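A.B. asks: structure of the sequence below:
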Amino acid sequence: MAIPIPVPPVEEQELIIVQLSNNTAALRAAITRTQRQIELVREYRTRLIADVVTGKLDVRGAALPDLPVDDADFDDAADLDDEDNFKNALNEEGSIEEVPDDES
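C.D. replies: Below you'll find the model as predicted:
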């Protein structure tokens with residue numbers, strides 16, 4: 001059993017393509033600009049790391065900015081303000097492992 005599928009004439013299809021291309025031109029341009037910016041940031045990062053490693057850039061006096069912390073990020077985590085409640089640490093592989101209580 002064949003199911004008929006309505007298809008507009010070729011001329012109308014071409015007009016639809018032109019209209020869609022015109023409507024998405026700004027979006028395509030924004031995507032292209034963003035991809036170029038990402039590429040430039042990656043190049044900058046690579047150059048920055050190379051300069052720090054080779055000693056061309058001294059970062060010993062640099063400080064990280066104080067970033068706001070959202071309390072919701074710690075809803076399921078230990079209370080970081082109380083050292084007795086903080087029971088997790090990173091093992092040598094970089095994953096989290098449980099640290100035994102000192103009360104043993």
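
A.B. asks: P8 belongs to a helix?
C.D. replies: No. Using DSSP: H, G, I helix; E, B strand; the rest coil, the assignment for P8 is coil, not a helix.

A.B. asks: so which helix or strand takes in the closest residue to it other than its chain neighbours?
C.D. replies: Distances taken as C-beta to C-beta, 6 or more residues apart in numbering place I16 nearest to P8, at 7.3 Å, with adjacent residues excluded. Placement of C-beta: from N, CA and C, glycine included. I16 is located in helix 10-54, with elements delineated by DSSP states H and E.

A.B. asks: any low-confidence regions in this structure?
C.D. replies: 67, 69-104 (pLDDT under 70).

A.B. asks: apply 50 and report the result again.
C.D. replies: For the chain, the stretches flagged by pLDDT under 50 are 78-99, 104.

A.B. asks: just say helix, strand or coil for A62.
C.D. replies: A62 is classified as coil under three-state DSSP.

A.B. asks: what about V7, distance to T54?
C.D. replies: 63 Å (C-beta to C-beta, to the nearest Å).

A.B. asks: actually G61, sorry about that
C.D. replies: According to C-beta to C-beta, G61 and T54 sit 18 Å apart.

A.B. asks: could you check which of these two has the larger neighbour count?
C.D. replies: T54 (8 against 5; other C-beta atoms under 10 Å).

A.B. asks: number of nearby residues for I49?
C.D. replies: I49 sits with 11 neighbouring residues when counted by other C-beta under 10 Å.

A.B. asks: roughly how far does it sit from E39?
C.D. replies: To E39, I49 is 16 Å away according to C-beta to C-beta.

A.B. asks: same check on Q19?
C.D. replies: Going from Q19 to E39 by C-beta to C-beta gives 31 Å.

A.B. asks: one more: P68?
C.D. replies: P68 is 30 Å from E39, by C-beta to C-beta.

A.B. asks: same question, M1
C.D. replies: For M1, the distance to E39 - C-beta to C-beta - is 52 Å.

A.B. asks: who has more neighbours, those two?
C.D. replies: Here M1 and E39 are set side by side on neighbour count (other C-beta under 10 Å), and the busier one is E39, at 10 against 2.
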